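1. return a 3D structure for these sequence lines:
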Amino acid sequence: MKILKPKFWQNEINIFSILLFPLTIIYYVLINLRKIVSFPKKFDIPIICIGNIYVGGTGKTPLSILIADQLKSNKKPAIIKKYYKNHIDEHNLIKSKIDCLILNKSRIKAINEAIKKNYDVLILDDGFQDYSFKKKLNIICFNSNQLVGNGMLFPSGPLRDSMNSLKEANFVIINGPKNFKFEEKVLSVSKEIKIFYSKYLPSNLNQFKNKKLLAFSGIGNNENFFEMLEDNHLNVKEKLAFPDHYTFNKNELNQIIKRSIKNGYDIVTTEKDYFRIKDYGFKEIKYLKLELEILKKDKLINQIKKLL
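-> The predicted structure follows:
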């Protein structure tokens, strides 16, 4: 059963975090044991890992697509993604943007398949915590609204790994406004890390202006989607939040549509959610199109190319 992220993950250390701390110690021991006992395989092909240490919702997939697209001018990139049945949204989203996705339940098998198909650089969408093979570059994503939450490891907090793991990072991408305090925190781990910023730019806002909206989403951080709608002065009357990668059934979507019709609302969802449900063919459900913009993008891409 999927659940929404608990709100206490974003708060200061609290009673829930403390009660879960024994499990957090076990989790910490397990992830460090994995690092110790792993014998990472080395491939003769550069692998760029787009990862995170915060549980979901940091923008790995859009960044993977952007970097693959930018490298196409003089490379043959492939995006490697571990296959999860309930991640069909991300698979469809990538395929709609760029034709170089390789899926497999084993990342190592996906890498070998890419090599056989003569790709010459691989972009790993997630996998920073996969220690079974070596990466050439690690790019770690954060969202400025969440950053590291309460700073604690799962399940006391939202972190898959500690801030100390950023020692393995070459770049950090922060989606949102500049945050010098967090930059200092990152650079205190390693002064070699290069920090860049990104933002999402809606491209079809006019489609939703002067309308009363019912917004729903099942992504890593639903509140970021709702906040973006309101920041762009859209009239959101109702918000429905579902867990990340939520598998909507036809009946649930029909109920959302009936609810919107009853109240005179138009429906808006995320692009990611839309690609999860588009085969149902509901014309009433529209999505907000977003373009990822990297500040100083050319500088980032040039630095990536130099390190390959």
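
2. now do the strands in the stretch 101-250 of the chain.
-> For the stretch 101-250 of the chain, applying DSSP state E, counting those that start in this stretch gives strands covering 101-104, 121-125, 137-143, 171-175, 194-202, 212-217, 235-241.

3. need those in TSV with mean neighbour count, can you?
-> No exception for glycine: its C-beta is placed from N, CA and C like everyone else's. Shown next, in TSV, are the strands of the stretch 101-250 of the chain (neighbours: other C-beta atoms under 10 Å):
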stretch	mean neighbour count
strand 101-104	18
strand 121-125	25
strand 137-143	23
strand 171-175	22
strand 194-202	16
strand 212-217	22
strand 235-241	16
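
4. what about the nearest residue to residue 4 once chain neighbours are set aside, neighbour count?
-> Leaving out its chain neighbours, the residue that sits closest to residue 4 by C-beta to C-beta, 6 or more residues apart in numbering is residue 243, at 5.4 Å. Using other C-beta atoms under 10 Å, residue 243 has 17 other residues around it.

5. buried set for the host helix or strand of residue 254?
-> Using DSSP states H and E, residue 254 falls within helix 250-263. Under the neighbour-count criterion of 16 or more other C-beta atoms under 10 Å, helix 250-263 has 253, 256, 257, 260 buried.

6. please compute how far that helix lies from its chain's middle.
-> 28 Å (C-alpha atoms, centre = their mean, to the nearest Å).

7. what does stretch 103-121 give?
-> Centroid separation between stretch 103-121 and its chain, computed with C-alpha atoms, centre = their mean, is 21 Å.

8. what's the residue nearest to residue 4 sitting at in phi/psi?
-> Residue 243 adopts backbone torsions of phi -60, psi 160, taken as degrees, to the nearest 10.

9. any figure for the gap between it and residue 282?
-> Distance, residue 243 to residue 282, by C-beta to C-beta, to the nearest Å: 20 Å.

10. picking that back up, who wins for proximity to residue 15 among the strands of the stretch 101-250 of the chain?
-> For residue 15, the closest of these is strand 235-241, at 23.8 Å, according to C-beta to C-beta.

11. next, the angle from that closest one to helix 250-263.
-> 160 degrees (axes from the mean of the first three to the mean of the last three C-alpha atoms, to 10 degrees).

12. pLDDT score assigned to residue 2?
-> The model reports residue 2 with a pLDDT of 64.

13. so where do the helices sit in the stretch 1-150 of the chain?
-> Remark: helices assigned in the stretch 1-150 of the chain by DSSP state H, counting those that start in this stretch are 15-19, 21-37, 60-71, 88-97, 107-116.
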